[in-house]
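A.B. asks: fold the stuff below for me.
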Amino acid sequence: MSTSEIWTLSYDWKAEGIYSKITIILNSDGTWTAENYNGLWNQSDRTFTLEFNDSKTTYIGSRKDQLIKGTMINDQGMTGCFYMLQEGELSPCIVDILSPKTRNIKNDLIFI
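C.D. replies: Residues are numbered from 1 along each chain as shown. The predicted structure is shown next:
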């Protein structure tokens, strides 16, 4: 990545299909920022990791093009699931995943 990327992070701490959303900026230096939050991120092959500076919360997922999905855990052992969509034009595969019939994304999405 040579520049910053804007993503929408949708997260669900109880994995019930009820997601909250924030916009985050992934910077090319391995840092990220969002309103009231910041931290470090890393990607190795398709494995994506996002860590918060002010809390011991870690998101770990798998990236396929403009979609990242996975699970998160905090220092109290609370877990959940998340997905992230990159700002911009979505690939046809992602548009199909987000169609009205599959709008409630669960943690069982499979990358093809």
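
A.B. asks: residue closest to the middle of the chain?
C.D. replies: The centre of the chain sits closest to Met84, judged by CA atoms, centre = their mean, with a distance of 3.3 Å.

A.B. asks: so for the helix or strand containing it, what gets flagged as buried?
C.D. replies: Here Met84, judged by DSSP states H and E, is contained in strand 79-86. Across strand 79-86, burial judged by 16 or more other CB atoms under 10 Å covers 80-86. No exception for glycine: its C-beta is placed from N, CA and C like everyone else's.

A.B. asks: ok, and what's touching that strand?
C.D. replies: 5-15, 19, 24, 59, 61, 65-73, 94, 98, 105-107, 109 (CB atoms under 8 Å, 6 or more residues apart in numbering).

A.B. asks: pull up the pairing partners for that strand, direction included.
C.D. replies: The partner list of strand 79-86 in its sheet, established with DSSP bridges, is strand 5-12 (antiparallel), strand 67-73 (antiparallel).

A.B. asks: of those strands, flag the one that's most buried.
C.D. replies: strand 67-73 (a mean of 20; mean count of other CB atoms under 10 Å).

A.B. asks: centre of the chain to it, how far?
C.D. replies: Put simply, strand 67-73 sits 5 Å off its chain's centre (CA atoms, centre = their mean, to the nearest Å).

A.B. asks: what's the answer for stretch 6-26, then?
C.D. replies: Centre-to-centre, stretch 6-26 and its host chain are 7 Å apart (CA atoms, centre = their mean).

A.B. asks: show residues contacting it.
C.D. replies: Residues from elsewhere that reach stretch 6-26 (CB under 8 Å, 6+ apart): 1, 4-5, 32-35, 37, 41, 50, 59, 68, 72, 78-87, 104-107.
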